[in-house]
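Visitor: quick one: sequence plus predicted model below, questions after.
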There are 4 protein chains.
Amino acid sequence: MLRIAVLGVGRIGRMHAENIVAHPRATLAGIFDVYEPSAKEVAEKLTRFESAEAVFASPEVDAVLIATSTPTHADLLEKAVAAGKPVLCEKPIDLSLDRVNACATKIAGSDVPIMLGFVRRFDSGHRAVREAVENGTIGDLHQVVITSRDPGMAPAAYIEMSGGIFRDMTIHDFDMARFILGEEISQVSATGSRLVDPALMEKCDDYDTVTVVLKTASGKQCTISNSRRAVYGYDQRVEAFGSAGMAISENRTLNHLRLHTETGTDRAAPLMNFFIDRYADAFAAEISAFVDAVEQGKAPEVGFEDGRLALLLAEAAIRSVAEGRTVNTSEIG
Amino acid sequence: MLRIAVLGVGRIGRMHAENIVAHPRATLAGIFDVYEPSAKEVAEKLTRFESAEAVFASPEVDAVLIATSTPTHADLLEKAVAAGKPVLCEKPIDLSLDRVNACATKIAGSDVPIMLGFVRRFDSGHRAVREAVENGTIGDLHQVVITSRDPGMAPAAYIEMSGGIFRDMTIHDFDMARFILGEEISQVSATGSRLVDPALMEKCDDYDTVTVVLKTASGKQCTISNSRRAVYGYDQRVEAFGSAGMAISENRTLNHLRLHTETGTDRAAPLMNFFIDRYADAFAAEISAFVDAVEQGKAPEVGFEDGRLALLLAEAAIRSVAEGRTVNTSEIG
Amino acid sequence: MLRIAVLGVGRIGRMHAENIVAHPRATLAGIFDVYEPSAKEVAEKLTRFESAEAVFASPEVDAVLIATSTPTHADLLEKAVAAGKPVLCEKPIDLSLDRVNACATKIAGSDVPIMLGFVRRFDSGHRAVREAVENGTIGDLHQVVITSRDPGMAPAAYIEMSGGIFRDMTIHDFDMARFILGEEISQVSATGSRLVDPALMEKCDDYDTVTVVLKTASGKQCTISNSRRAVYGYDQRVEAFGSAGMAISENRTLNHLRLHTETGTDRAAPLMNFFIDRYADAFAAEISAFVDAVEQGKAPEVGFEDGRLALLLAEAAIRSVAEGRTVNTSEIG
Amino acid sequence: MLRIAVLGVGRIGRMHAENIVAHPRATLAGIFDVYEPSAKEVAEKLTRFESAEAVFASPEVDAVLIATSTPTHADLLEKAVAAGKPVLCEKPIDLSLDRVNACATKIAGSDVPIMLGFVRRFDSGHRAVREAVENGTIGDLHQVVITSRDPGMAPAAYIEMSGGIFRDMTIHDFDMARFILGEEISQVSATGSRLVDPALMEKCDDYDTVTVVLKTASGKQCTISNSRRAVYGYDQRVEAFGSAGMAISENRTLNHLRLHTETGTDRAAPLMNFFIDRYADAFAAEISAFVDAVEQGKAPEVGFEDGRLALLLAEAAIRSVAEGRTVNTSEIG
């Protein structure tokens, strides 16, 4: 049994805690949060650590999951590594590439397993696309098309603190691009528009609608289409096109109903709307992959460097929009 | 060039005439109808024969297409055969099995090509199902499921003269069943309900909603689901299930649009609603098959006996409903 | 916390036990099985009762789940009721309608909650079809079409003890028919064939390919298509057709991949093959519904009488095949 | 009856001629080609003009369709306009933007109807997407995604004379982008790769795999994905995403078969492979739109300026790839 402590028990942390409880070879060693526990939580007799330090010091904790607010990630990650505790860290490591690079320097040489929470890699459909690429089903890969649109605009307060759409939202797609492409990206060309909430975007110097084109050294292309609001639901598709075919991971609906009425033929059930529902299976698979990696002493499938490279692509996209040109990734830190 | 005359130029006859005109190796030799031609038609300078007899006697006519009212089909067919003119006859030959049998006796021994207008056999999707059966793609055939629902109730006057749902509507599906099964049907079990327009059905001693189960000697099963009214459009599906797989001919929509809005995910364009639109390609392919058969002196793919056997199955279904039992086709004339 | 003991921990019992463990308001009170526990199971320190009687007598057990072999169901159910323990009993209650009727007499008057394990009622897609009927989305219901084909033939030993396809396999579809129709069935007309394994079927006087047509007093029709072997996977579809539209619960695939290659366009991922995978969500929802019913003291959604009526329909189908006629359900016990 | 002469009767010209023959209000006035007619053609007694000039001079010709080789388009178009004959001209007007601009100057002021053969505008699915944008079904338009992949590489000789992928292939998508966006494009950012046939592409200084991102002044975005070879068939999809929904024109298959076997679930029939088959309905609708425009004396839906602007976007894309930057359309002639 791997005893995992969860740092930060907001919406995502709680969900992770439940997946840890449900996992056959993991247990919840306890939680830490800066907020006081509710009476209900006290009643549940869950171990609550008094500080993150207490978690790292505890011999009852085999590994930690960091789901605190973004600005604390890098510090906690460094401390966990220093304490020799394997880490599953929610993305992003930090909004600043400099801070991430500093963190990389600090943990260099350590062999403590670090896994980054790019949960979409664990979605069965996206993963099947990756497999179709890897096993040659679609031949040599030529083009990847990622559609990633949120079901609704996040609150203004969130947007203002998000670091901008490329660091906050597209970052998932940058990682997905790297996952499917299987080759590093050398060029980034990005386009941004303010169409969903122009006033807020203006205020934050941000975009709500972006298209990014990536290219690898060998010429593989990847297009990412993002929008902050798709009224029909959470639109999450990945298409890979190659010399021998095409594989598409399609959207997921609430159930398998198809409805035919006078006002519409062959209508599907609504798309899953909330990322925790849409990627519920993936979040469970992510915990399972973390437990496997720690148990077997192997490197997690998605690690610190993946987190750093996704942020680097975000920086390149920001520069590309600002300068109206294709940016080479080698230009970025 | 095969010079084909069209007898009866109502809705269906006109459509056939247009297909003859468009066919590269056929021409419209002229038409005959009991109704006076309109001024527009006169202006079009189309040959109008004064009588059906004139058509059969004309050396300018190589073949005839019978699209007159049902009660005249058998007589005209007999005359055409007597005149040695190949015939494409709209279904049904007659609503009376006795009359059809008498007609069969009369034309026995003739080698004039007779083709029956079971147009659905020429639909590319249904035909692909037949091919998947014939070429072994789905192995030995076990079950066929035919869904055939009209987009709207025909007018009461039509229903009253139709001969009842089994002779008028299910007859297409009986032929489709024989086409897909590739083996004669030995048993018929039918169920009828009055759900769409109970009053009219009561008045006509007819049904608007029926399910028929057919079985061949070797045990192959076929289910037919009919309704006189599907509000979502003309529902025409054929499923064949066998030891090695399943082939389904799906519905056809007006175009390939898929629409996603707040009130509906992945909604298709409307189904084609009108049989002449839905089976437009099939009607053209039917003319083409007729031209081919006459040109090449071979038996048409669907002939007189197919028309007779479909009607025989309708009679068996009527008896099955009346007596609440499975009827052997050998019981029927 | 509802403390549930599981009787019988074969394949299905174990799966139920896991779902009980995962349920937020239920715990596994212990298990009983006639087989000796394995060393591994001992190590897991799970409470193992020495007999079913011990389970029923235990004050630590709030409710029981019966997943033992079919012949023991009725006895255990009677004992559970006598002990006042709410029961979730796997289907069927018994293969003999007489035995089920005797059981009904014995438990008459008790208000101990009894739930029958017709798990398909809890599938989100099938349930959405039911809702489309109930809330009027598709208007008045006219026809239901249930396709239910197993991915592979069960072992001969299983088939021989199964009670025949109608009592063993179609029984799920009889319950689904009643669930969707929302009106009792008055007439049954069944057709059976031996196409998958004729020799075994001959030996067992059983069928591997059946079509059943059901009718309610008001004329609603339902067709069930069963096969013991669909090579493309576990084919589980439910279609409801009404005066205002059609709702279809489609098949479920392993993931949402669509593959396009030179040998096939728009190919889906394989169908889920194993009933425990296909209905995994439904099995969890079933436990949840049981916990809810017991907690809230309300009648379970699917109860003893539902189990009895499904078996009665199986008896009617058997008679219909034997006598080649439509059987009224009033003819059966 | 509109008497249309066809100039150039290669593959496309012949197809147009057949559509003219089949059109109810058009006739084929005759043809002209530099090649000698075959014996068969002579037998068909079709009027063959001795020169293009003879066509333009003939009082028996009401309108002309130009389907000759690309380098002759602009000259013939100028002569047709000078002769006052309405023109349907195959795309492109010319491969040189300068030549097109010169042509524009020459015909300026004429009110002779000129229609450009951007046939895809007449596809029922793509058109339904345009309508969903125009009638507000999907709200304000934010993103357009055009996937356009040929089923197979054209012969090397063709590629060498094609003017490059942007002028030859993407030009259709530039027009589709303008058609769907309904607003002029201000910025072009293009990426090109050599992945299908690197040697040939190197030789021609051309690309076989390109991604282009377009942006309008108001910020609407459009992505085009092109490949010279999709082994699964002719991939032609158009997606429009807006504030109220998404509309997608999906691919078209040979028929409506869905096949389920041990090696593949829910496989569609093959995609239509050949552009003349895929856009057969659109080609017929195009002729019809031309006849309507000439008859009613209104401007054709897609005219000379549309042809010029599509070529201008191709020039911008070529510059964008060459310079690795976003190009403003105002920079191009």
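Guide: The structure has been received and is ready for your questions. Everything quoted here is computed from the prediction, not taken from an experiment.
Visitor: what does chain A put close to chain D?
Guide: Contact residues (CB under 8 Å from any CB of the partner chain) of chain A with chain D: A:139-140, A:142-143, A:145, A:147, A:149, A:187, A:189, A:191, A:193-196, A:209-211, A:213, A:215, A:219-221, A:223, A:225, A:227, A:229-232, A:235, A:241, A:243-246, A:324-326. For every residue, glycine as well, the C-beta is placed using N, CA and C.
Visitor: repeat that for 6 Å
Guide: A:142-143, A:189, A:191, A:193, A:195, A:209, A:211, A:213, A:215, A:219, A:221, A:223, A:225, A:231-232, A:244-245, A:324-326 (CB under 6 Å from any CB of the partner chain).
Visitor: hey, where'd the helices end up in chain A?
Guide: A:11-22, A:39-43, A:52-57, A:73-82, A:97-107, A:124-134, A:156-161, A:165-168, A:170-181, A:198-204, A:275-278, A:280-296, A:304-323 (DSSP state H).
Visitor: any weak-confidence spans in the stretch 101-250 of chain A?
Guide: Along the stretch 101-250 of chain A, no part satisfies pLDDT under 70.
Visitor: what residues does it put near chain B?
Guide: So the stretch 101-250 of chain A meets chain B at A:Val231, A:Tyr232 (CB under 6 Å from any CB).
Visitor: please redo it, this time with the cut-off set to 10 Å
Guide: A:Ala230, A:Val231, A:Tyr232, A:Gly233, A:Asp235, A:Glu250 (CB under 10 Å from any CB of the partner chain).
Visitor: looking at those, which are in strands?
Guide: Using DSSP state E, A:Asp235 are the members of these that sit in strands.
Visitor: if we can go back for a sec, which among the residues of chain A next to chain D count as buried?
Guide: A:142-143, A:189, A:191, A:193, A:195, A:209, A:211, A:213, A:215, A:219, A:221, A:223, A:225, A:231-232, A:244-245, A:325-326 (16 or more other CB atoms under 10 Å in any protein chain shown).
Visitor: please tell me how far the residue of the stretch 1-150 of chain A found nearest chain B sits from D:Val145.
Guide: Closest approach between the stretch 1-150 of chain A and chain B, counting by CB to the nearest CB: A:Arg149, at 10.5 Å. Per CB to CB, to the nearest Å, A:Arg149 is found 11 Å from D:Val145.
Visitor: any residues in contact with both of these two?
Guide: A:Ser225, D:Phe241, D:Met246 (CB atoms under 10 Å, 6 or more residues apart in numbering or on different chains).
Visitor: which residues sit in contact with the closest residue to A:Met246 other than its chain neighbours?
Guide: The shortest distance from A:Met246 to any residue other than its chain neighbours is 4.3 Å, reached at C:His260 (CB to CB, 6 or more residues apart in numbering or on different chains). By CB under 10 Å, 6+ apart, the contact list for C:His260 reads A:138, A:239, A:241, A:244-248, C:266-267, D:230-233, D:235, D:251, D:267-268, D:270-271.
Visitor: any idea how far C:His260 is from B:Ala289?
Guide: 32 Å.
Visitor: and A:Ala322, by the same measure?
Guide: According to CB to CB, A:Ala322 stands 65 Å off from B:Ala289.
Visitor: ok, A:Lys85 touching A:Val64?
Guide: Yes: using CB atoms under 10 Å, A:Lys85 makes contact with A:Val64 at a distance of 5.0 Å.
Visitor: what is in contact with those two at once?
Guide: With CB under 10 Å, 6+ apart, A:Lys85 and A:Val64 have common neighbours A:Ile4, A:Ala5, A:Val55, A:Phe56, A:Ser58, A:Lys79.
Visitor: closest to chain C out of the residues you listed?
Guide: Nearest to chain C among those: A:Ile4, at 17.4 Å, using CB to the nearest CB.
Visitor: hmm, what's the outermost residue in chain A?
Guide: The C-alpha centroid of chain A is most remote from A:Glu262, which lies 40.8 Å away (CA atoms, centre = their mean).
Visitor: which residues touch the closest residue to that residue other than its chain neighbours?
Guide: Distances taken as CB to CB, 6+ apart place B:Val231 nearest to A:Glu262, at 4.6 Å, with adjacent residues excluded. If you count contacts by CB under 10 Å, 6+ apart, B:Val231 has them with A:260-263, B:149, B:151-152, C:138-139, C:241-246.
Visitor: and those residues, which are buried?
Guide: A:His260, A:Thr261, B:Arg149, B:Pro151, C:Ile138, C:Gly139, C:Phe241, C:Gly242, C:Ser243, C:Ala244, C:Gly245, C:Met246.
Visitor: so how far is D:Pro300 from A:Gly233?
Guide: Using CB to CB, we find A:Gly233 at a distance of 40 Å from D:Pro300.
Visitor: so which of the two has more stuff around it?
Guide: Using other CB atoms under 10 Å in any protein chain shown, the more surrounded residue of A:Gly233 and D:Pro300 is A:Gly233, with 24 against 20.
Visitor: surely the more buried one and A:Asn273 touch.
Guide: Yes: counting by CB under 10 Å, A:Gly233 touches A:Asn273, with 5.2 Å between them.
Visitor: for stretch A:144-163, output the C-alpha coordinates as CSV.
Guide: Taking Å, rounded to 0.1, in the frame of the first residue of the first chain, the C-alpha atoms of stretch A:144-163 are listed here in CSV:
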residue,chain,number,x,y,z
VAL,A,144,-2.1,16.8,-35.5
VAL,A,145,-5.3,18.9,-34.9
ILE,A,146,-6.2,19.6,-31.3
THR,A,147,-9.6,21.2,-30.5
SER,A,148,-9.9,22.3,-26.9
ARG,A,149,-12.7,24.6,-26.0
ASP,A,150,-14.0,25.2,-22.4
PRO,A,151,-17.7,25.0,-21.8
GLY,A,152,-17.8,28.4,-20.2
MET,A,153,-15.7,31.4,-19.3
ALA,A,154,-14.0,31.2,-16.0
PRO,A,155,-14.8,34.0,-13.5
ALA,A,156,-13.0,37.3,-14.1
ALA,A,157,-11.0,36.9,-10.9
TYR,A,158,-9.7,33.6,-12.1
ILE,A,159,-8.8,34.9,-15.6
GLU,A,160,-6.9,37.8,-14.1
MET,A,161,-4.7,35.5,-12.0
SER,A,162,-4.4,32.8,-14.7
GLY,A,163,-1.2,34.0,-16.4
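Visitor: hmm, it in reach of chain C?
Guide: No: counting by CB under 10 Å from any CB, no contacts exist between stretch A:144-163 and chain C, the nearest distance being 13.1 Å.
Visitor: which residue packs closest to A:Glu295, ignoring adjacent ones?
Guide: That would be A:Leu2: by CB to CB, 6+ apart, it lies 6.5 Å from A:Glu295.
Visitor: what about that neighbour, how many residues nearby?
Guide: Applying other CB under 10 Å, we find 19 residues neighbouring A:Leu2.
Visitor: pLDDT score assigned to A:Pro37?
Guide: Looking at A:Pro37, its pLDDT reads 64.
Visitor: let me redo that: A:Lys40
Guide: For A:Lys40, the model assigns a pLDDT of 57.
Visitor: not including adjacent chain positions, what is the nearest residue to the residue positioned nearest the centre of chain A?
Guide: Centroid-nearest residue in chain A, with CA atoms, centre = their mean: A:Phe118, separated by 3.2 Å. Nearest residue to A:Phe118, sequence neighbours excluded (CB to CB, 6+ apart): A:Asp175, at 4.4 Å.
Visitor: gap between the one you found and chain B?
Guide: 26 Å (CB to the nearest CB, to the nearest Å).
Visitor: number of residues surrounding that residue?
Guide: A:Asp175, neighbours per other CB under 10 Å, totals 23.
Visitor: hmm, it is touching A:Arg120, no?
Guide: Yes: assessed by CB under 10 Å, A:Asp175 is found in contact with A:Arg120 at 7.4 Å.
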